[in-house]
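Colleague: Sequence first, then the predicted structure, then my questions.
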Amino acid sequence: MSKPYYMIINGEDVGKDLPVIEVSNPATEEIFATVPKGGAKEAVEAVDAAYEAYGKWSALSAYERSERIQDWYILIKEHTEDLAKTMTEEQGKPLAEARGEINYANGFISWYAEEGKRIYGEIIPATQQNKRLFVHKQPVGVVAVITPWNFPAAMITRKVGPALAAGCTVVIKPAGQTPLTAIKLVQLAKEAGIPSGVVNVVTGDSKAIGNAWLEDTRVRKLTFTGSTEVGKLLMKSAADTVKKVSLELGGHAPSIIMEDCNLEKAAESVLAAKFRNAGQTCVCINRVYVQESIADEFTELLLKKAKQLKIGNGLEEGVTIGPLIDDSAVRKALEHVEDAVSKGAEVKLGGKRKEGLFFEPTILTNVTDDMQCMQEETFGPVIPISTFKDEEEAVRRANDSIYGLAAYVFTENISRGIRITEKLEYGIIGLNDGLPSTPQAPFGGFKQSGLGREGGHHGMDEYLEIKYISLGL
Ligand SMILES: NC(=O)C1=CN([C@@H]2O[C@H](COP(=O)(O)OP(=O)(O)OC[C@H]3O[C@@H](n4cnc5c(N)ncnc54)[C@H](O)[C@@H]3O)[C@@H](O)[C@H]2O)C=CC1
Ligand SMILES: O=C(O)[C@H](O)CS(=O)(=O)O
């Protein structure tokens, strides 16, 4: 029996009379919930609500907004178990990872509840004695939020946290595969006393909803996380009304393993960075470059650790690798493995589709740069390992990508580590660290991995306009 969920617009459950979209559990492929198939009409109603709520919400002091946002933080914390279970059911990640994501997501809420109090202006010395020059930062207005399925909570709070703290109001369109976590988060915002219309969530036809928001001049900002392909489409549409945009797009992270690394730490970090969310993260390692002299030793150590991974339904205790999100994701991972093998790669572990949407944790060696997995984002549990001679070759090959989101370097020589990180064309770098993402630091990419930053004080600027006031005395 599928449980019905509804959109939340202006504090009300909306969509009971609409056709539904089914939500399935990727571990069992069973349909367990439905959401309304909303479209342009509901998208505009959400903007109506957000636009109407903007005046009062932006007029509150940062301290008054912070109290409401902190109440939201407390409710999310209290509901961690329910939110995590829902996330595992709709997205597939193991329960322990889902709990971790809820805590990570809530970290943006608490961090920005405080950061809103530090939106400082400036007084600039004037050239004339009879003038005073002021710089004032104000909220950008109504923000459209469009998010992917791989982090159903964090990708929302990483945007909505700073937006609300700045005084903006939001309309959210979560991914069709994972709408329930978003609906539950917005329900908790309502229970936290965040006024009706400040946070709205619409489910349904992505294109119709996105187009309605992009055409609406009342929407002053689009923040999007997802594929580079869709990001480019939305960026082009946003140009028609000159909306501010923040884009967190695809990645293709290289990892450089130098011979002077701490081998145990490097192998453990590569494993964590690759197999988190079954490799379905934009910052996961997509290419491993290991120095020739330690390649065999590193590969053996990685194999030993990877064999400990337990694949299964994320609700089961001890499972560390859940299913992929859908059949096309499994087919893409298989295609990358088959292409690599056809070009000379060796399968040291896994390499095959299991029942349903499960794919074996896979390690490939003897990999060359002409293979698909070394060019395209796999977005699955596949580690291709290629060897290099020296630092210059490793950096050159690591930078040879249209993407520039995350990169990883492992060396115990700090001068070498700093030298390499400064040459890498990536927005996020883990130096002896496989899990750099955190609410207090700026997250974002170079090149076709996106525009803007999320997290840290940089993430607040994305939701502010700068106003210059010249006062004649
Ligand atoms: N840089 C980053 O932080 C992240 C990047 N990604 C990238 O996103 C991809 C996986 O996530 P997906 O959800 O499959 O990406 P996607 O780009 O297909 O969808 C992302 C969101 O955009 C919506 N959407 C799709 N087409 C649209 C349109 N024409 N108009 C309006 N909305 C539209 C979807 O419904 C979903 O809510 C991978 O390429 C991954 O690398 C995913 C998460 C984080
Ligand atoms: O969508 C993603 O892949 C996330 O941005 C990765 S992280 O922020 O959880 O590291």
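Modeller: Noted; the coordinates are in hand. Ligands and ions are numbered 1, 2, ... in the order given.

Colleague: Run through the bridge partners of residue 170.
Modeller: Residue 170 has these beta-bridge partners by DSSP bridges: residue 143, residue 199.

Colleague: In contact with it: list those residues for me.
Modeller: Counting by Cβ atoms under 8 Å, 6 or more residues apart in numbering, residue 170 touches 50, 142-145, 159-160, 163-164, 198-200. For the C-beta atoms, the positions are set from N, CA and C on the backbone; glycine is no exception.

Colleague: Residue 453: which of those residues is nearest?
Modeller: For the contacts of residue 170, the minimum distance to residue 453 (Cβ to Cβ) is 11.7 Å, reached by residue 159.

Colleague: Surely that closest one touches residue 145?
Modeller: Yes. Residue 159 lies in contact with residue 145 (Cβ atoms under 8 Å); the separation is 4.9 Å.

Colleague: Mind checking which of these two has more residues around it?
Modeller: It is residue 159, of residue 159 and residue 145, that has more neighbours when counted by other Cβ atoms under 10 Å, with 29 against 26.

Colleague: coming back round to it: joint contacts of residue 159 and residue 145?
Modeller: Here residue 159 and residue 145 have 170, 223 as joint contacts, going by Cβ under 8 Å, 6+ apart.

Colleague: Of the contacts of residue 170 - the most surrounded one?
Modeller: residue 160 (33 neighbours).

Colleague: Secondary structure of that one: a helix, I assume?
Modeller: Yes. Counting by DSSP: H, G, I helix; E, B strand; the rest coil, residue 160 is part of a helix.

Colleague: Quick check: the residue of the stretch 51-200 of the chain nearest ligand 2.
Modeller: Residue of the stretch 51-200 of the chain nearest ligand 2, by Cβ to the nearest ligand atom: residue 151 (4.5 Å).

Colleague: What about that residue? Give its phi and psi, please.
Modeller: Main-chain dihedrals, residue 151, degrees, to the nearest 10: phi -130, psi 80.

Colleague: Next: the one 3 residues further on.
Modeller: Phi and psi for residue 154, reported as degrees, to the nearest 10, are phi -60, psi -30.

Colleague: burial of the residue lying closest to it once chain neighbours are set aside, as a residue count?
Modeller: Distance criterion Cβ to Cβ, 6 or more residues apart in numbering; nearest residue to residue 154, sequence neighbours excluded, is residue 105 at 4.1 Å. Using other Cβ under 10 Å, residue 105 has 26 other residues around it.

Colleague: Mind telling me what element residue 105 is part of?
Modeller: In the assignment (DSSP states H and E), residue 105 maps to helix 95-115.

Colleague: from the middle of its chain, how far away would that helix be?
Modeller: Counting by Cα atoms, centre = their mean, to the nearest Å, helix 95-115 is centred 13 Å from the centre of its parent chain.

Colleague: Wait, residue 204 touches residue 40, no?
Modeller: No. The pair residue 204 / residue 40 is not scored as a contact, 9.5 Å apart, by Cβ under 8 Å.

Colleague: Looking at the two, which one has more neighbours?
Modeller: Neighbour totals were compared for residue 204 and residue 40, and residue 204 leads with 24 against 18 (other Cβ under 10 Å).

Colleague: Tell me the confidence at that one?
Modeller: The per-residue pLDDT reported for residue 204 equals 98.

Colleague: what's the answer for residue 1, then?
Modeller: On the pLDDT scale, residue 1 is placed at 83.

Colleague: For ligand 1, what's its nearest residue on the stretch 251-400 of the chain.
Modeller: residue 282 (3.2 Å).

Colleague: Contact partners for the residue lying closest to residue 14 once chain neighbours are set aside?
Modeller: Counting by Cβ to Cβ, 6+ apart, the nearest residue to residue 14 once its immediate chain neighbours are dropped is residue 7, at 4.4 Å. Taking Cβ under 8 Å, 6+ apart as the criterion, residue 7 is in contact with 13-15, 35-36, 38, 42, 46, 183, 200-204.

Colleague: Just the CA atoms of the one helix or strand residue 221 maps to, as CSV, please.
Modeller: When elements are assigned from DSSP H and E, residue 221 belongs to strand 219-225. What follows is strand 219-225, C-alpha atoms only, in CSV (Å, rounded to 0.1, in the frame of the first residue of the first chain):
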residue,chain,number,x,y,z
VAL,A,219,12.2,34.7,-8.8
ARG,A,220,15.6,36.5,-8.5
LYS,A,221,17.9,33.6,-8.0
LEU,A,222,18.3,30.0,-9.1
THR,A,223,20.4,27.6,-7.1
PHE,A,224,20.8,24.2,-8.7
THR,A,225,22.7,21.0,-7.9
